[in-house]
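Visitor: need a 3D model of the sequence below.
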Amino acid sequence: MIGFWTLFIIPAFRSLIEVRSRKSSGILPWVLVGIFFSLAIGYRFEVGGDWGTYLRHYDRYYWYDLIEVFSASDPGYVFLNWVSVQQNWGVYGVNLMCGALFMLGLLILCRQQPRPWLAFAVAVPYVLVVVAMGYTRQSVALGFLCWAIASLERGAFVRYLLLVAAAALFHKTALVMIPLGLFLNRKGELFRAVAVLVLGYALWDLLLAEAQSGLWKNYVEAQMESSGAQVRVAMNLVPALMFLTYRKRWGELYGNQAFWLILSLGAVATVFLVGFASTAVDRISLYFTPLQIVVLSRLPELMEEHFPQQTVTIAVLLVYGLALYVWLNYATHAQYWLPYRNWLLM
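Guide: Numbers count the residues shown, from 1 in each chain. Just a heads-up that it's a prediction; the model follows:
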């Protein structure tokens, strides 16, 4: 467990001494952190519940040519496997490239927050440890989505769409996030609506049309269940309710309420849907986790009229430290993450 706690303590300690700023600290510390965490994700050894599955994927893609790569399901992930095969990097090459893409998107979103280190600390217990080290394909999709959200907050609508499209190449479920590009406080609603419809339909036809019936049968009709889905949905519910509570002050401080309002309402809706199809809702709710990163890292400013900012920061860190402790000690599948081992240290 020491390895996982080290990953949390680094940003947690830094978040206790950071000062609120609209401009993040210099780029060098973040480059070093990005490299360190990418190596921790990429060179993990037998860590994650799907470790054996990804090994079998790598062996299967060994024989693919480029035509088969780009016609496969989730072609972005298959392409990285193909590159690793060509270079003889093994599954570690795949995991390292996926880890680097995930970290790039995550850190871009974190650095855009008033308290970037607190945002990063919030991301570690679940988004980094569980998702990035367990759900390799969807973690890359989430990384691109974080980058997309950071772009949308800066008004870069086209970049948002392109990054969501890139996410869908790694996990087709990311397509559900394309319509959220409409909720941008800018002019040009007609252009955005047309772009969302055209790109959404094109990607649906390319990536999802043939697979949608199978996904519906597997995730809904077959009533596949995800252990712990209710807890993960509840983790998104808390920041969603915080946003709804402090929505007016959010508008005064940050603007762009529309996007976060829709995301928050979506997180609330998953609470009522998780009992119907827990696996499907669990997969989709993963794309709502940026709520935790953004809302909770802004909580010290949102609540400063009632509580000192440092008190709120410490409270957030304690909650996520407790979440990491509970998950490592009591989660059903934590055994597949423990002990943390890294190929570079073996």
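
Visitor: from V312, how far off is the nearest residue to I178 once chain neighbours are set aside?
Guide: Nearest non-adjacent residue to I178, counting by Cβ to Cβ, 6 or more residues apart in numbering: G200, 4.7 Å away. All C-beta atoms are positioned from the backbone trio N, CA, C, and that covers glycine. Taking Cβ to Cβ, to the nearest Å as the measure, G200 falls 38 Å from V312.

Visitor: same thing with M242?
Guide: 11 Å.

Visitor: which neighbours do the two share?
Guide: L299 (Cβ atoms under 8 Å, 6 or more residues apart in numbering).

Visitor: skipping adjacent residues, who's closest to A165 in space?
Guide: The nearest residue in space to A165 (Cβ to Cβ, 6+ apart) is L203, at 6.0 Å.

Visitor: which positions in the helix or strand encompassing the one you found come out as buried?
Guide: L203 is part of helix 189-203 when elements are defined by DSSP states H and E. Residues 192, 195-196, 199-200, 203 are the ones in helix 189-203 that count as buried (16 or more other Cβ atoms under 10 Å).

Visitor: run the chain-centre distance for that helix.
Guide: On the basis of Cα atoms, centre = their mean, to the nearest Å, helix 189-203 sits 24 Å off its chain's mean C-alpha point.

Visitor: for it, name the packing helices and strands.
Guide: Contact partners of helix 189-203 among helices and strands, from 3 or more Cβ pairs under 8 Å, 6 or more residues apart in numbering; DSSP states H and E: helix 157-168.

Visitor: and the helix it packs on, what does it pack onto?
Guide: helix 136-153, helix 189-203.

Visitor: so the closest residue to A123 other than its chain neighbours is in which element?
Guide: Of all residues not flanking A123 in the chain, I293 sits nearest, at 5.2 Å (Cβ to Cβ, 6+ apart). In the assignment (DSSP H and E), I293 maps to helix 290-302.

Visitor: what angle separates that helix from helix 136-153?
Guide: On the basis of axes from the mean of the first three to the mean of the last three Cα atoms, to 10 degrees, helix 290-302 is oriented at 40 degrees to helix 136-153.

Visitor: and the helix or strand immediately after helix 290-302 in the chain, what's its mean pLDDT?
Guide: Using DSSP H and E, the next helix or strand after helix 290-302 towards the C-terminus is helix 309-330. What helix 309-330 shows for mean pLDDT is 95.
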